[in-house]
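>>> below is the structure, and that's it, no one-letter string:
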C-alpha cells in the first residue's frame, strides 16, 4: 500500500506548530493545539477571566492551501461537534464583531486574516494591511490576534 | 540535562527555540551569537552574570532570555503628533512599553481608548505582539527604537 504523503500545505503547518512562535504561545498558556485532522485543526485560545465565561474558546480551522491561502475558522463546540451557538460566543465591541454569528453562520471570523472574510471583502488587504493575511504570515499570527481580542479590556465575556 | 530556551535577539521579532544543557555557562551562550553582548532573563533590568551556569542563574526549561549588546534601549513612542521617550531594559516586553505609553505616565488614554490602540514599528506590515522583546527592535548600530501608537483595525464593510 502506498503511504499517503502530506502535501506542502500540511507540511508547512506542521513545521510552524513546532516553531518557536507557536510553542511560545503554548508555553505561556495563550493557546494549545487540541487535534489536527488535516485540513482541520482544533486550537483552544485562552480568554481573560469574566463571570460565567469559559477560560478558553476552541476554533476549528480549515487550513487548506496554507499558507498561500489564509486560514479560515469559527468557534467550535467540541461536545456538540458543531459551531458554537450565538449565546455562547464572546461579547464585546471587537470580539463580538469578529465572532459574530449572524454572518456566514458563524463558521468564519469577520477579520482580515480569515479566508472566507477576505473572499467577500477584496479591499481589506489594502484597507487593513497590518491585519490582513499574506503568505508571509503563519497560524500564530492569527492566534495572537485572536488571543489579544479575547484578553483585551473590551472583551466582556459571553 | 538538556532543556529548551527561547532566545530573543536584535533584528528578529520572533525568538529562536534552542536546545542547550542546563550546565552551559552563560558566557558560552552569549558568545554563540553576540560575543560582546550580555544575556538577560525576560523583563530583568540587569544582565545575568556570565560566569554562572544557566541553572545557577535560574534559567529553566523554556525560559525566555534576551541576548544583545544594548544595556538599555531608548524608546520613543509617537501618538497624535506627540512624542514621549523613556529607556527600558532590552529584555522588556512590548506589553510593558504599551502599558507605559498608554497609561498615566504616557499619553494617559482611558481604558476604552487604550484597548483600541496598539504599538507598531513605523512602516511595518503588522502590529507588534505583546511578547516581543524591545531589544529585538533596535535600529541597527544603535540602541534606539521608534514606535507608533496606532488605532487597532476595526473591520467594516
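All right, it came through fine. This structure is a prediction, so every number in the text was calculated from the model and none was measured.

>>> contacts only, for residue B:101.
Neighbour list for residue B:101: B:77, B:79, B:84, B:107, B:119, B:147, B:149 [criterion: Cβ atoms under 8 Å, 6 or more residues apart in numbering or on different chains]. C-beta: built from backbone N, CA, C; applies to glycine.

>>> ok, which stretches of chain B are strands?
Under the criterion DSSP state E, chain B contains strands at B:2-9, B:16-21, B:38-41, B:63-68, B:73-79, B:82-88, B:117-120, B:144-151.

>>> of the contacts of residue B:101, closest to chain A?
Lowest distance from chain A to these (Cβ to the nearest Cβ) belongs to residue B:119, with 11.2 Å.

>>> re the thing from before, save the contacts of residue B:101 as CSV, and put in pLDDT too.
Output for these, formatted as CSV (pLDDT from 0 to 100):
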residue, pLDDT
B:77, 98
B:79, 98
B:84, 98
B:107, 98
B:119, 98
B:147, 98
B:149, 98
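
>>> derive a ChimeraX selection command for the buried subset of those residues.
Selection of buried members from those for ChimeraX, criterion 16 or more other Cβ atoms under 10 Å in any protein chain shown:
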select /B:77,79,107,119,147,149
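
>>> of the contacts of residue B:101, which are in range of chain A?
For chain A, no contacts are drawn from the contacts of residue B:101 by Cβ under 8 Å from any Cβ of the partner chain.

>>> and residue B:133, which of the strands of chain B is closest to it?
strand B:2-9 (4.2 Å; Cβ to Cβ).

>>> might one say that residue A:111 is in contact with residue A:131?
Yes. Taking Cβ atoms under 8 Å as the definition, residue A:111 is a contact partner of residue A:131 at 6.9 Å.

>>> picking up where we left off before, can you redo the contacts of residue B:101 as a markdown table with distance to residue A:101?
A markdown table is the format used below for the contacts of residue B:101 (distance: Cβ to Cβ, whole Å):
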| residue | distance to residue A:101 |
| --- | --- |
| B:77 | 37 |
| B:79 | 35 |
| B:84 | 41 |
| B:107 | 35 |
| B:119 | 31 |
| B:147 | 36 |
| B:149 | 32 |
